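Chemist: With the input below, show me the fold.
(2 chains)
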There are 2 protein chains.
Amino acid sequence: MESSNLARAFTLIEPGPVVLLTTQDGQQNNIMTISWTMVVDFKPVIAITTGAWNHSYAALRDRRECVLAVPTVDLLDQVVGIGTCSGADTDKFSAFQLTPLPSKLVTAPLIRECLANIECKVIDFIDKHHIVVLEGVAAWFDTARKEKRTVHAVGDGTFIVDGRRLDRKKLMAEKLPPGV
Amino acid sequence: MESSNLARAFTLIEPGPVVLLTTQDGQQNNIMTISWTMVVDFKPVIAITTGAWNHSYAALRDRRECVLAVPTVDLLDQVVGIGTCSGADTDKFSAFQLTPLPSKLVTAPLIRECLANIECKVIDFIDKHHIVVLEGVAAWFDTARKEKRTVHAVGDGTFIVDGRRLDRKKLMAEKLPPGV
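Modeler: Numbering: from 1, shown residues only, chains lettered A, B, ... in the order given. Now for the predicted structure:
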């Protein structure tokens, strides 16, 4: 994991991949799978939808910190497994053979096996809609990783893998933020 | 366009495709390109991020209605074009050769050329974060369309086209909402 340009971190979330969210409650690391995410600002600010029905939520509420880790297609069965069991009775790092690494600015861990990690602080809870607003404070990218294709949850138990990348940078030039 | 199951409409947005958002201000139809979207509830409830910097925002604020239309890869240059000009001085349906069709429950139009359309009512403005919360009230799908691959904006002027679809329905069965 190499330190990565925070100004580009929103580009990890904007395409809409499934992500893993890690928390630390003071005693234990936990991981949840989440696909309900949205970029809100280039800083980056990222909204997610979650609530008390997820075991991770208590730690997120209490500690106001998490890591958004971006898995690739080779991790899909771990991503699905993490999303279908609970941290209430499972040590997910151990059960799914993932490696927690220390973050720089938050206590929630990075996930060594993921393509990228964004350390986040909670900046708001919008309880009426179960939206949590996060600000990314540090970003990490595994530049040595060969498999870079992420997966997109459809929500019906199927997942779409990244296909070809099309370049429209020239047409979009005036709309791109600085540093991207 | 055939009427589609509203209970499945969130599956059009959850994978994170670029969408087109149409509005009607009482005089003119408009279209904007948006990739900052998030499913908030299966109903469906869908959050988007937008604000007064987009010309469409005034109509969205005033009329509290819109349509989320899901374009496919063959429409990418129109999607980019729509996102890089303004409804303040451009009739985008005409300029990009798209066909407005009447909606059933809102005044904003469907887009004939898109794979799917979701008619939406605004249920909340979260001004602090420029988040607008929409509830889908009707959905349409072009079942005859051959090209079904959507595109995912990365945010740096590149776009990822849908690749293979992987099935994990059995593993996910307990987590899927009814009707999906």
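
Chemist: give the contact list for the residue in chain A positioned nearest to chain B.
Modeler: Closest residue of chain A to chain B, C-beta to the nearest C-beta: A:Gly16 (1.3 Å). All C-beta spots, glycine's among them, are computed from the backbone N, C-alpha and C. Neighbour list for A:Gly16: A:Ser35, A:Thr37, A:His152, B:Glu14, B:Pro15, B:Gly16, B:Pro17, B:Ser35, B:His152 [criterion: C-beta atoms under 8 Å, 6 or more residues apart in numbering or on different chains].

Chemist: ok, so what distance separates it from B:Arg112?
Modeler: 25 Å (C-beta to C-beta, to the nearest Å).

Chemist: now swap in A:Val40 and tell me
Modeler: With C-beta to C-beta as the criterion, A:Val40 and B:Arg112 are 31 Å apart.

Chemist: higher neighbour count, these two?
Modeler: A:Val40 (26 against 15; other C-beta atoms under 10 Å in any protein chain shown).

Chemist: So that one lies in a helix, does it not?
Modeler: No. According to DSSP: H, G, I helix; E, B strand; the rest coil, A:Val40 belongs to no helix; its state is strand.

Chemist: show me what contacts it?
Modeler: A:Val40 neighbours (C-beta under 8 Å, 6+ apart): A:Ile46, A:Ala47, A:Val133, B:Trp36, B:Thr49, B:His129, B:His130, B:Ile131.

Chemist: ok, now A:Val39?
Modeler: Counted by C-beta under 8 Å, 6+ apart, A:Val39 has contacts A:Phe10, A:Ile13, A:Glu14, A:Val45, A:Ile46, B:Ser35, B:Trp36, B:Thr49, B:Gly155.

Chemist: do stretch A:81-90 and chain B meet at all?
Modeler: Yes. Interface with chain B: stretch A:81-90 contributes A:Gly81, A:Gly83, A:Thr84 (C-beta under 8 Å from any C-beta of the partner chain).

Chemist: just checking, A:Arg61 touches A:Phe125?
Modeler: Yes. Between A:Arg61 and A:Phe125 there is a contact at 7.2 Å, judged by C-beta atoms under 8 Å.

Chemist: Let's check: the centremost residue of chain A is which one?
Modeler: By C-alpha atoms, centre = their mean, chain A has its centre lying nearest to A:Leu68, at 2.5 Å.

Chemist: so what's it bridging to?
Modeler: A:Leu21, A:Ile118 (DSSP bridges).

Chemist: That one against A:Val18, yeah?
Modeler: No. Contact status for A:Leu68 versus A:Val18: not in contact, 10.8 Å apart, counting by C-beta under 8 Å.

Chemist: picking that back up, please pick the buried ones from the residues of stretch A:81-90 next to chain B.
Modeler: Buried subset of the residues of stretch A:81-90 next to chain B (neighbour count, 16 or more other C-beta atoms under 10 Å in any protein chain shown): A:Gly81, A:Gly83.

Chemist: Now intersect the residues of stretch A:81-90 next to chain B with the helices, please.
Modeler: A:Gly81, A:Gly83 (DSSP state H).

Chemist: So which of the residues of stretch A:81-90 next to chain B is the closest to B:Pro100?
Modeler: A:Gly83 (39.1 Å; C-beta to C-beta).

Chemist: I'd say that closest one and A:Met32 touch.
Modeler: Yes. The pair A:Gly83 / A:Met32 is scored as a contact, 7.2 Å apart, by C-beta under 8 Å.

Chemist: which stretches of chain A have low pLDDT?
Modeler: The model of chain A has no residue with pLDDT under 70.

Chemist: Please enumerate the helices of it.
Modeler: Ranges of helices in chain A, per DSSP H, are A:10-13, A:56-63, A:76-83, A:92-95, A:169-172.

Chemist: ok, and which of the ones you listed has the densest surroundings?
Modeler: helix A:10-13 (a mean of 24; mean count of other C-beta atoms under 10 Å in any protein chain shown).

Chemist: Wondering if that one reaches chain B at all.
Modeler: Yes. Helix A:10-13 comes into contact with chain B (C-beta under 8 Å from any C-beta), by way of A:Phe10, A:Thr11.

Chemist: got the contact list for that helix?
Modeler: A:19, A:37-39, A:41-44, A:46, A:68, A:70, A:116, A:118, A:136, A:139, A:180, B:154-156.

Chemist: among these, which ones are buried?
Modeler: Looks like the contacts of helix A:10-13 have A:19, A:37-39, A:41-44, A:46, A:68, A:70, A:116, A:118, A:136, A:139, B:154-156 buried, using 16+ other C-beta under 10 Å.
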